[in-house]
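# My questions concern the predicted model and sequence given below.
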Amino acid sequence: MIRQLLTSAVVLFATPILAGDPLSVCIGPDGAMRLIETGFFCKKEETLKKFTEWEPGFEDKREDPEVTSLRSRLETAERRLGRLDSKLQALEFKNSDSDASEIHSLKAPFEVTGKAGKVILRVTDEVDGNLGGGAQVTIASSTESGYGLRVYNSMGLVVGGIVESNGGGFAAVRDASNRRSVVIDGPSRRVSVFDDSGVNAVAGLAAESRGGVVGVYDQGKPIAYLTRSQTAAGGNVTTLHTSGASAFSAGATAAGGGEACVNRMTASGERGTCLGIALPGGLNQ
């Protein structure tokens, strides 16, 4: 601004002026300006003007206060980002250099939610054994068992899980109505499959003193077994009445062959009839 005024003006008088000194200018009625030395006065028809903070060869470069404020805030933000970047680099270095066996603890209870806000996982001290309380998966103890992992369906009903029970592991899979389907009992070494009611077992697998046993049940009562023979010579198949009475049994013998016995019901009463290796093709009554 000052440079433009000085360029367009007719300077009638000039005196060397030191940088930083105010400029005293007399402006005539026709707009012509002339510099005067400090202590001199303008003519009657002229007007005196003083310009301060002037530097020879430079325009006024004072910055807008709002721009200055924004620049200061930007510089502060850049410094903070620099410190944060340094901390992140230090953390990455620590993680990469840390012992793989180092354990980082996280205090329960806490939840992990999905994009829609649904609770995917809840870790807490105790939950209802059959209801998820809005979570899809829980890790907690219950009033029915020790700590375990339980999975729930969209209705909030438990459909499967593995928990601590009687000092061992217990796993179960249930249908959509929370009825038992398959149960694995670790302490007793048994696997049970249930009917639609979820109450009665229809098949099972167990470990007993003689070895493995596969059983078939009717209304919870055993009606057939597949197991090792009593002589430990091979396998044995046995069928039962729902009353528990033996109906048929066949298996390997210690002599290296096999035998089969049937519990016959005749007019004279119950009779045991066996087919043995001593009488091939015949009946030993």
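Thanks, I have the structure now.

# Centroid-nearest residue for this structure?
Centroid-nearest residue in the chain: Val112, 5.5 Å away (criterion: Cα atoms, centre = their mean).

# host element of the residue nearest to that residue when sequence neighbours are not counted?
Residue nearest to Val112 in three dimensions, not counting chain neighbours: Leu121, with 4.2 Å by Cβ to Cβ, 6 or more residues apart in numbering. For glycine as for every other residue, the C-beta is placed from the backbone atoms N, C-alpha and C. Using DSSP states H and E, Leu121 maps to strand 119-126.

# Give the other helices and strands that that strand contacts.
strand 110-113, strand 135-141 (3 or more Cβ pairs under 8 Å, 6 or more residues apart in numbering; DSSP states H and E).

# quick one, strands of the stretch 151-285 of the chain?
Ranges of strands in the stretch 151-285 of the chain, per DSSP state E, counting those that start in this stretch, are 158-165, 168-174, 180-185, 190-194, 201-208, 211-218, 221-228, 235-240, 246-252, 258-266, 269-275.

# Tell me which residues of the second one come out buried.
Residues of strand 168-174 classed as buried: Phe170, Ala171, Ala172, Val173, Arg174 (neighbour count, 16 or more other Cβ atoms under 10 Å).

# got it, and the fifth one?
For strand 201-208, the buried set under the neighbour-count rule, 16+ other Cβ under 10 Å, comprises Ala201, Gly204, Ala206.

# State the pLDDT value of the residue nearest to Val112.
According to the prediction, Leu121 has pLDDT 89.

# Could you measure from it over to Thr143?
21 Å (Cβ to Cβ, to the nearest Å).

# Would you format the strands of the stretch 151-285 of the chain as a markdown table with mean pLDDT and distance to Tyr147 included?
As requested, those are arranged in a markdown table below (pLDDT from 0 to 100; distance: least, Cβ to Cβ, whole Å):
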| stretch | mean pLDDT | distance to Tyr147 |
| --- | --- | --- |
| strand 158-165 | 88 | 6 |
| strand 168-174 | 91 | 11 |
| strand 180-185 | 92 | 17 |
| strand 190-194 | 92 | 22 |
| strand 201-208 | 90 | 26 |
| strand 211-218 | 90 | 30 |
| strand 221-228 | 88 | 34 |
| strand 235-240 | 87 | 40 |
| strand 246-252 | 83 | 44 |
| strand 258-266 | 76 | 49 |
| strand 269-275 | 67 | 53 |
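
# Can you give me the first-to-last residue distance of stretch 32-48?
12 Å (Cα to Cα, to the nearest Å).

# Also stretch 103-119?
25 Å.

# Please consider this matter closed, and thank you.
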